[in-house]
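Participant: predicted model and sequence below, questions to follow.
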Amino acid sequence: MAKKVLQVIETAYRGTLEEQDDTVVWLTQAMKGSGLVTDVMLRGNAVNYPVSAQDASGLAFGERKQTQPPRIHADLTKLLEKGATVYVVRDDVAARGIQMKELIGGLTAVATSEIPGIFAAYDQIWHW
Amino acid sequence: MTTRTTLTLVLMDAPYENARTTTALRLLDIAARRGYNVNVFAYEGAVYVPFAKQAPHPNAVHGRDVTEEDHPNPKDWVAAIMAEAERQGGKIDWVQCGLCVDERGAAESIAGTRRGSPADLVKFAEASDNTLVIPTK
């Protein structure tokens, strides 16, 4: 039986302008496309990823304008559309002054105290 | 019949940046000494860990020439771990994330490594007893 893997993403904005995405969200999308049964949990600073109003466009060096910025909230929406569950840790959202209504739809908000129970539902936890 | 343990390690850090690279290679070495099969998926900066053009250098501050300095290059550590695995009847299957290699110009890696994709990591994870991610922080 296929293993069920939860990707816990905590380190955020790691080279996202150079990579045009979060590389773990990207990897998760690719692995899901290759058949891995996998979901995502956003915690720590990564709870900012689903903020829908974020806009990383406009980067320019001299006359070189970067035309394709990362759109991580949109990448998460795509992941949701592919059937992944995307958990977001509500306590970490609140600690950063983010309102839940600022986030994209379709997320599963959980309390820190619920995390062990969620982990128990997966074969492996990959902590990024 | 005993079944050989198979592990997967996902590495993400570039070499010469922090202790996680050395720690990851020490874990890999222990597994090799035990005769385990170990799959490695080198992601992002970690594709430079087995980069073939790493070169030792002398160190004037240390007061040593290139021979005395014995400057460590992670590619040599990786090669030594692969050789140890082979001696113990195990195998290190080291896959370099292809897109990560391309964007960094890191195509020249040592023998025993191969280019791959996230699909290889999926296969690794499915075939392993466990998977350990050692990410950049």
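Facilitator: That came through, no problem. Numbers count the residues shown, from 1 in each chain, chains lettered A, B, ... in the order given.

Participant: just the pLDDT for the residue nearest to residue A:48 when sequence neighbours are not counted.
Facilitator: The spatial neighbour of residue A:48 that comes closest, neighbours along the chain excluded (C-beta to C-beta, 6 or more residues apart in numbering or on different chains), is residue A:12 at 6.3 Å. Quick note: C-beta positions are derived from backbone N, CA and C, even for glycine. Note on residue A:12: pLDDT of 97.

Participant: for stretch A:35-50, which positions count as buried?
Facilitator: Residues of stretch A:35-50 classed as buried by neighbour count (16 or more other C-beta atoms under 10 Å in any protein chain shown): A:36-43, A:46-50.

Participant: now stretch B:126-137
Facilitator: Residues B:126, B:128, B:131, B:133, B:134, B:135, B:136 are the ones in stretch B:126-137 that count as buried (16+ other C-beta under 10 Å).

Participant: one more: stretch A:55-75?
Facilitator: Buried, per 16+ other C-beta under 10 Å, within stretch A:55-75: A:69, A:70, A:71, A:72, A:73, A:75.

Participant: gap between residue A:49 and residue A:98?
Facilitator: Distance of residue A:49 to residue A:98, computed by C-beta to C-beta, to the nearest Å: 11 Å.

Participant: can you check residue A:56 too?
Facilitator: Taken as C-beta to C-beta, the span from residue A:56 to residue A:98 is 17 Å.

Participant: cool, residue A:32 as well?
Facilitator: With the distance defined as C-beta to C-beta, residue A:32 ends up 26 Å from residue A:98.

Participant: more neighbours: these two, which one.
Facilitator: residue A:32 (21 against 16; other C-beta atoms under 10 Å in any protein chain shown).

Participant: you'd agree that one is in a helix?
Facilitator: Yes. Counting by DSSP: H, G, I helix; E, B strand; the rest coil, residue A:32 is located in a helix.

Participant: doesn't residue A:80 make contact with it?
Facilitator: No. Contact between residue A:32 and residue A:80 fails when scored by C-beta atoms under 8 Å: they sit 11.1 Å apart.

Participant: residues from chain A in reach of chain B?
Facilitator: Residues of chain A lying close to chain B by C-beta under 8 Å from any C-beta of the partner chain are A:2-3, A:5, A:11, A:14-15, A:23-24, A:27, A:30-31, A:34-36, A:124, A:126-128.

Participant: dump the buried residues of stretch B:126-137 into TSV; add pLDDT and distance to residue B:97 as well.
Facilitator: Converted to TSV, the buried residues of stretch B:126-137 look like this (pLDDT from 0 to 100; distance: C-beta to C-beta, whole Å):
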residue	pLDDT	distance to residue B:97
B:126	96	18
B:128	97	17
B:131	98	15
B:133	98	13
B:134	97	14
B:135	97	13
B:136	95	13
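
Participant: now residue B:133: which helix or strand?
Facilitator: strand B:130-134 (DSSP states H and E).

Participant: for residue B:115, same thing?
Facilitator: Taking DSSP H and E as the definition, residue B:115 sits inside strand B:113-116.

Participant: and that strand, which strands flank it?
Facilitator: Using DSSP bridges, the strands paired with strand B:113-116 in its sheet are strand B:92-97 (parallel).

Participant: which residues does the partner strand contact?
Facilitator: Contact with strand B:92-97 is made by B:28, B:32, B:37-44, B:47, B:50, B:78, B:81-82, B:85, B:106, B:109, B:112-118, B:120-121, B:124, as judged by C-beta atoms under 8 Å, 6 or more residues apart in numbering or on different chains.

Participant: check contacts around residue 104.
Facilitator: Using chain A here. Residues near residue A:104 by C-beta under 8 Å, 6+ apart: A:50, A:52, A:73, A:76, A:77, A:80.

Participant: actually chain B
Facilitator: Residues in contact with residue B:104 (C-beta under 8 Å, 6+ apart) are B:45, B:47, B:48.
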